[in-house]
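# What follows is a predicted protein model with its sequence.
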Amino acid sequence: MKILVVEDDYALRVVWEEALADAGYAYTSASNTSEGMRALMTGQFDVVVLDLLLTEGNSLSLTHYISYAMPMVPVIVITGSGFFPNGELGPLAPNVDWLLRKPLPISDFIAMIDHAAHVSVCRKNGQVGSTGAVRSQRA
């Protein structure tokens, strides 16, 4: 599983990178939207994690590119801002699967990555319905 992380806070990005490595994930990280877009255009990812507000703006442009170029890839947006307190991000970025708040315990971060990775596999195998629910396989 390959994860893309776009986070402008260096210290937090390093913590997430170490947690991903410890959990057995391959990752690419970027500190801004330009680096993130370059990574998206040249790499293959199973899950994308985006900080909503970056030093140079926001990551919504990346969500739009992902919805066009890799619509099956789960997108997790993590923010420390008070924007979208009730999930209003949906109409602006309909392909965002989860909006999480900072601070986020590392155990929760990895649990969310594990879940998103599972959803990614299910989407690729056609096991996810239109509501996003994972369909069970019956023998």
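That came through, no problem.
# Apart from its chain neighbours, what residue comes closest to residue 47?
residue 116 (4.4 Å; Cβ to Cβ, 6 or more residues apart in numbering). For the C-beta atoms, the positions are set from N, CA and C on the backbone; glycine is no exception.
# these two touch, right, the one you found and residue 96?
No: between residue 116 and residue 96 there is no contact, the gap being 11.5 Å when judged by Cβ atoms under 8 Å.
# top helix in the chain by residue count?
helix 106-124 (DSSP state H).
# Quick check: buried residues in it?
109-110, 112-113, 115-117, 119-120, 122-123 (16 or more other Cβ atoms under 10 Å).
# what's the overlap in contacts for residue 116 and residue 96?
Common contact partners of residue 116 and residue 96 (Cβ atoms under 8 Å, 6 or more residues apart in numbering): residue 76.
# quick revisit: can you list the neighbours in contact with the longest helix of the chain?
So helix 106-124 is in contact with 1, 3, 15-16, 19-20, 23, 25, 46-47, 49, 72-74, 76, 97-98, 100, 128, 132, 134-135, going by Cβ under 8 Å, 6+ apart.
# Quick check: phi and psi on residue 50?
phi -120, psi 130 (degrees, to the nearest 10).
# Now the residue nearest to it when sequence neighbours are not counted: phi and psi?
Excluding the flanking residues, the one nearest residue 50 by Cβ to Cβ, 6+ apart is residue 59, at 4.1 Å. Torsion angles at residue 59 (phi, psi; degrees, to the nearest 10) stand at phi -100, psi 10.
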